[in-house]
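K.L.:
I'll drop the sequence and a predicted model, then ask my questions.
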Amino acid sequence: MPKKSKKLNNKKFLISFIITLTTCFVFVGGLYALVSRFISEPDIPTYVIFQFPDDRPNGPDNPDTPASIVVDDDNIGEFLSGEPEVRTEIFERRPGFFTFILYGMDEGVNLDSIMVASFDSHNREVNIISLPRDTRVESNRRTGQSKLVAAYAFGRLQGRGHEGGINQLKTEVSTLIGFRPDFYIGVELEAFIRIIDGLGGVEVTVPFHMRYTDPYQNLRIDIPAGTQRLNGIQASHFARFRMADSGFRAVTDFQRVEHQQMILSAIMQEMLSPRTITQIPEFIRIYNDHVTTNIPNDEMAWFGTNVVLNGINSINTYTLPIARTERSGWYEMPDREAILELVNRTINPFEREITAEMLRIVS
């Protein structure tokens, strides 16, 4: 069963992967590793079977039918003896390669940020792809084509609860990247603020004076340009900044993603400092209060041990390629060819390439 997190009154959450990587892989997993003598690598499926009925390979019309069906060696024969009109292909997984869907939520059920990440434990590499919230996806919702940001809410509010929301989100994400991530991790804004403060702040070069006032949210952002150390509240303002007061510069969603990635890099730099060991008890409390995940504790320990003891050679951040913005309804229209190239180069968990027919990109 996934661990539950308590509901907060915070208006927004941003930068899910920052909290995920920092809290889950390092602090929580690392502490668990200190008290565990034997830790085994998380299980990943030997094979993934993709069904290709007609011309709809990922089949998100029914969120209860996954885009990919995971079977082990013992059951593969039984699966392959299914309906003759269903074509199947076997995709063997890359060893030591894990994928994650990271998300943050507002105080309701809508997502505020969505990312897909991979961890290659052999090459010590992390890749992160930010998915714009307004990305148009083909779905089983009433409109047929909808914004990705509402996937979780739709699945949850159809009477299927949290797991239904996660399944819907994974299904719709799979139409964009060609597979369903192994794990999910959701975090809240309060965790971000408290972790930044626990690290003693983060150093960021603010590109221009950010200023925005919203009395309805009781929000006032005022960060001057230049290199400076931001505390948790300031860092959250930097990450969520988009609209601006008159006479000041606003940013697009894509520029906001860039700012989130700047914060991610800054957190990773602080995380590598030996002095963070003293903050582990506080990070454990933050994790227990504000993180929802399906990663078991023993598998979290393996991830933590890998990150703490072996380190990371590279952390690479990207944004899902967008072909154009459709002004009617304000949809971000995904770029099929560019997405295919990026996914195969970064987060593809298979020994073979993901192909174009495994995507369901809205043109």
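P.N.:
Everything's here; your move.
K.L.:
who does residue 315 bridge with?
P.N.:
residue 126 (DSSP bridges).
K.L.:
for it, the count of nearby residues, please.
P.N.:
A count of nearby residues for residue 315, using other Cβ atoms under 10 Å, gives 17. Heads up, the C-betas are built off the backbone N, CA and C, glycines and all.
K.L.:
so it makes contact with residue 261?
P.N.:
No - taking contacts as Cβ atoms under 8 Å, residue 315 lies outside contact range of residue 261: 9.6 Å.
K.L.:
got any residues that touch both of the two?
P.N.:
Shared contacts of residue 315 and residue 261 (Cβ atoms under 8 Å, 6 or more residues apart in numbering): residue 128.
K.L.:
please enumerate the helices of the stretch 251-363 of the chain.
P.N.:
253-271, 280-290, 297-305, 336-346 (DSSP state H, counting those that start in this stretch).
K.L.:
could these go into CSV alongside mean pLDDT, distance to residue 95 and mean neighbour count?
P.N.:
Below are the helices of the stretch 251-363 of the chain laid out as CSV (pLDDT from 0 to 100; distance: least, Cβ to Cβ, whole Å; neighbours: other Cβ atoms under 10 Å):
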stretch, mean pLDDT, distance to residue 95, mean neighbour count
helix 253-271, 79, 25, 19
helix 280-290, 80, 28, 18
helix 297-305, 78, 14, 20
helix 336-346, 96, 17, 17
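K.L.:
can you give the contact residues for stretch 313-322?
P.N.:
123-132, 135, 176, 254, 257, 261, 264-265, 268, 332-335, 338-339, 342, 346.
K.L.:
restricting to C-alpha, output that stretch in PDB.
P.N.:
Extracted C-alpha coordinates of stretch 313-322, given in PDB (Å, rounded to 0.1, in the frame of the first residue of the first chain):
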ATOM      1  CA  ASN A 313      28.000  11.200 -12.300                       C
ATOM      2  CA  SER A 314      25.400  13.500 -14.000                       C
ATOM      3  CA  ILE A 315      21.900  14.900 -13.600                       C
ATOM      4  CA  ASN A 316      20.400  16.100 -16.800                       C
ATOM      5  CA  THR A 317      17.100  18.100 -17.100                       C
ATOM      6  CA  TYR A 318      14.900  18.500 -20.200                       C
ATOM      7  CA  THR A 319      11.500  19.700 -21.100                       C
ATOM      8  CA  LEU A 320       9.100  17.700 -23.300                       C
ATOM      9  CA  PRO A 321       9.500  19.000 -26.900                       C
ATOM     10  CA  ILE A 322       6.500  21.000 -28.000                       C
END
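K.L.:
how far away from the center of its chain is it?
P.N.:
In terms of Cα atoms, centre = their mean, to the nearest Å, the centre of stretch 313-322 is set 12 Å apart from its chain centre.
K.L.:
buried ones in that stretch?
P.N.:
Residues of stretch 313-322 classed as buried under the neighbour-count rule (16 or more other Cβ atoms under 10 Å) are 315, 317, 318, 319, 320, 321, 322.
K.L.:
which strand residues bridge residue 213?
P.N.:
With DSSP bridges as the rule, residue 213 is bridged to residue 220.
K.L.:
how near is it to residue 241?
P.N.:
12 Å (Cβ to Cβ, to the nearest Å).
K.L.:
so which of those two has more stuff around it?
P.N.:
Comparing residue 213 with residue 241 by other Cβ under 10 Å, the one with more neighbours is residue 241, at 21 against 13.
K.L.:
surely the more buried one is in contact with residue 256?
P.N.:
Yes - using Cβ under 8 Å as the test, residue 241 is close enough to residue 256 to be in contact (6.9 Å).
K.L.:
the helices of the stretch 251-363 of the chain: which one's closest to residue 327?
P.N.:
The minimum distance between residue 327 and the helices of the stretch 251-363 of the chain falls on helix 253-271, with 14.2 Å, by Cβ to Cβ.
K.L.:
tell me what the closest one is packed against?
P.N.:
helix 16-19, strand 125-130, strand 202-206, helix 232-240, strand 314-319 (3 or more Cβ pairs under 8 Å, 6 or more residues apart in numbering; DSSP states H and E).
K.L.:
three-state assignment of the residue sitting nearest the centre point of the chain?
P.N.:
Geometric centre of the chain, nearest residue: residue 102, 2.3 Å, by Cα atoms, centre = their mean. Three-state assignment for residue 102 (DSSP: H, G, I helix; E, B strand; the rest coil): strand.
K.L.:
look at it and report its pLDDT.
P.N.:
Looking at residue 102, its pLDDT is 90.
K.L.:
how about residue 76?
P.N.:
In the prediction, the pLDDT value recorded for residue 76 is 53.
K.L.:
can you check the one 10 residues further on too?
P.N.:
pLDDT recorded at residue 86 is 55.
K.L.:
could you do residue 209 as well?
P.N.:
At residue 209, the pLDDT recorded in the model is 96.
K.L.:
isn't residue 362 right up against residue 146?
P.N.:
No - using Cβ under 8 Å, residue 362 is not in contact with residue 146, being 9.6 Å away.
K.L.:
what about stretch 161-176, average pLDDT?
P.N.:
Per-residue pLDDT values across stretch 161-176 average out to 90.
K.L.:
begin at 54 from here
P.N.:
With 54 as the first residue, the last one maps to stretch 214-229.
K.L.:
tell me the buried residues in that stretch?
P.N.:
For stretch 214-229, by 16+ other Cβ under 10 Å, it's 217-229.
K.L.:
among these, which ones are in strands?
P.N.:
Of these, none are assigned to strands by DSSP state E.
K.L.:
will you turn these into JSON lines that also has distance to residue 95?
P.N.:
Putting those into JSON lines (distance: Cβ to Cβ, whole Å) gives the following:
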{"residue": "217", "distance to residue 95": "24"}
{"residue": "218", "distance to residue 95": "23"}
{"residue": "219", "distance to residue 95": "18"}
{"residue": "220", "distance to residue 95": "20"}
{"residue": "221", "distance to residue 95": "24"}
{"residue": "222", "distance to residue 95": "21"}
{"residue": "223", "distance to residue 95": "17"}
{"residue": "224", "distance to residue 95": "22"}
{"residue": "225", "distance to residue 95": "25"}
{"residue": "226", "distance to residue 95": "20"}
{"residue": "227", "distance to residue 95": "20"}
{"residue": "228", "distance to residue 95": "26"}
{"residue": "229", "distance to residue 95": "24"}
